[in-house]
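[1] Sharing a model prediction with you, sequence too.
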Amino acid sequence: MAEVIRINADTWRVEDGGVRFFILEGTEKALMIDSGMNTPDARKLAETIISKPLELLNTHADRDHISGNDAFDRFYMDPAEQENYREAGGAGTVIPVHDGDVIDLGDRPLEIIGIPGHTPGSIAVLDLHRRVLISGDSVQYGPIFMFGKFRNMEAYVSSMKKLLKHMDRFDTVYPSHGEIPVEAELIPKLIGYAEEILAGKAEGNPVEKFGMKAVLYRFESAGFLCDQ
């Protein structure tokens, strides 16, 4: 059963069996960021917390982030994520968001930062006034899934270097998995780890995940699951 945890007066995280999603409230409306893995009633759950009109945004379309999407006719998503979303059985109409777009909840502007790599349409959400980055799966202590269809490590490195340019705009990171919060200083470390893998300098161990063979690379602060 999903557990709702209040972060502050207008922000909640919902722990949903190994993944989490978020509910943010402004003066005019609220936004749910992702809809969990085991919570098809995520909308009803959110509406027990907030009374303002509720919208949905997906950081990406892996199956553990979209369980409650069917309750929304329309939702925000980077259009580069459409194929991933439809292959996962997702329905509804995508409202396209792109890098640099801002969704204002009412005195709470949220800037979209495109960070492809983990998936083609992965995005992060910068809560501007609160100086918090909601990172999806791309910034976490790991292991970060980078194996199977749609993953691109070179694009991931470029996206993390892009986040470096925004680091003076946020103090902390809220990831979808693992420990929360995450220090922003993890981002340059992730770049170094990923570049070691790409250069063939990292040592990994073969593992099996979801019936697929992968290689697990462990580092001091994070890890990656990559194709063999």
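    Thanks, I have the structure now.
[2] Burial check on residue 210, number of neighbours?
    Neighbourhood size, residue 210 [other C-beta atoms under 10 Å]: 8. Where C-beta positions appear, they are placed from N, C-alpha and C, glycine not excepted.
[3] and stretch 196-214, C-alpha only, in CSV?
    Only the C-alpha atoms of stretch 196-214 are listed here, as CSV (Å, rounded to 0.1, in the frame of the first residue of the first chain):
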residue,chain,number,x,y,z
GLU,A,196,34.5,5.3,-17.0
ILE,A,197,32.0,2.7,-18.3
LEU,A,198,32.0,4.2,-21.8
ALA,A,199,35.8,4.2,-21.8
GLY,A,200,35.9,0.5,-20.7
LYS,A,201,37.7,1.4,-17.5
ALA,A,202,35.0,0.2,-15.1
GLU,A,203,34.7,-3.4,-13.9
GLY,A,204,31.2,-4.8,-13.8
ASN,A,205,29.5,-8.0,-12.8
PRO,A,206,27.0,-9.9,-14.8
VAL,A,207,23.5,-10.0,-13.3
GLU,A,208,19.9,-10.9,-14.4
LYS,A,209,17.1,-8.4,-14.1
PHE,A,210,13.5,-9.0,-15.3
GLY,A,211,14.7,-12.0,-17.3
MET,A,212,17.3,-9.9,-19.1
LYS,A,213,21.1,-10.2,-18.8
ALA,A,214,22.9,-7.0,-17.7
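[4] Now do the same contact list for the residue sitting nearest the centre point of the chain.
    What sits nearest the mean C-alpha location of the chain, by C-alpha atoms, centre = their mean, is residue 136, with 1.1 Å. The contact partners of residue 136, by C-beta atoms under 8 Å, 6 or more residues apart in numbering, come to 34, 59-60, 65, 115, 118, 122-124, 175-176.
[5] one more time with 10 Å
    33-34, 58-60, 62, 65, 115, 118-119, 122-125, 174-177 (C-beta atoms under 10 Å, 6 or more residues apart in numbering).
[6] hey, where'd the helices end up in the chain?
    For the chain, the helices defined by DSSP state H occupy 42-47, 82-87, 153-164, 186-198.
[7] pLDDT (mean, whole number) over the longest one?
    Across helix 186-198, the average pLDDT comes to 98.
[8] Would you indicate which residues of that helix are buried?
    The neighbour-count check on helix 186-198 (16 or more other C-beta atoms under 10 Å) flags 186-187, 190-191, 193-195, 197 as buried.
[9] Residue 41 contacts residue 67, doesn't it?
    Yes. The criterion here is C-beta atoms under 10 Å, and residue 41 meets it with residue 67 at 9.2 Å.
[10] Common neighbours of the two, please.
    Joint contacts of residue 41 and residue 67 (C-beta under 10 Å, 6+ apart) are 2, 35.
[11] for the residue in the chain sticking out farthest from the centre, what are its contacts?
    Most distant residue from the mean C-alpha position of the chain: residue 201, 27.6 Å away (C-alpha atoms, centre = their mean). Residue 201 is in contact with residue 195, counting by C-beta under 10 Å, 6+ apart.
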